[in-house]
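In: Below are the sequence and a predicted model; questions follow.
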Amino acid sequence: MKLTEKSAYIKGLMEGLDLDSDKKEIKLIKALVDLVDDLALTVTDLDEDVDQVFDELDAIDEDLTDLEDVVYENDEDEDEAFDEDEDMYEITCPSCGETVCVDEDTLMSDNLSCPACGEKFEIDLDGEEVEDAEKEE
Ligand SMILES: [Zn+2]
């Protein structure tokens, strides 16, 4: 039986006794029964509120887990840059003319050097296409 059902049952029992409302003891009993009724309602409301808060907390927890997955997955990508199939860039060494494949990190680094001849060179990514276009002209 729920709390509210129990308090309703007690109220029913009291009313069944056909008590004399003018007596002081009866006034006390009625006041107590009213109090129990109020308490039962209040506790039931609180119980529902707490349930709702827990549900929302679960939802927030799930959202947080999703966010953590995204954040930590990105971290792993950076750590395993060489293991993951990362975008590779094919570049031609200006020194020996060898075509070499490098990943983005190597391409962006300041001391990029040719794996074939060891010569250091820089790649201007934005200028690359323009350079080709200029050669064709
Ligand atoms: Zn080279």
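Out: Cool, the structure landed.

In: alpha carbons only for contacts and neighbour counts from here, please
Out: Noted.

In: Could you look up the SS state of residue 71?
Out: Classification of residue 71 by DSSP: H, G, I helix; E, B strand; the rest coil places it in helix.

In: Next one: it relative to the ion, how far apart?
Out: 38 Å (CA to the ion, to the nearest Å).

In: Likewise for residue 56?
Out: For residue 56, the distance to the ion (CA to the ion) stands at 60 Å.

In: and what of residue 112?
Out: On the measure of CA to the ion, residue 112 and the ion end up 11 Å apart.

In: does that residue really touch residue 121, like I thought?
Out: Yes: at 5.8 Å, residue 112 and residue 121 qualify as touching, with contact defined as CA atoms under 8 Å.

In: What is the neighbour count of the closest residue to residue 20 other than its chain neighbours?
Out: With CA to CA, 6 or more residues apart in numbering as the criterion, residue 20 has its nearest non-adjacent residue at 6.7 Å, and that residue is residue 26. Residues near residue 26, counting by other CA atoms under 10 Å, number 14.

In: hang on, residue 26 packs against residue 19?
Out: Yes: counting by CA under 8 Å, residue 26 touches residue 19, with 6.7 Å between them.

In: so what sits against both of these two?
Out: With contacts defined as CA atoms under 8 Å, 6 or more residues apart in numbering, no residue is shared by residue 26 and residue 19.

In: What are the boundaries of the strands in this structure?
Out: Along the chain, counting by DSSP state E, strands occupy 88-92, 99-103.
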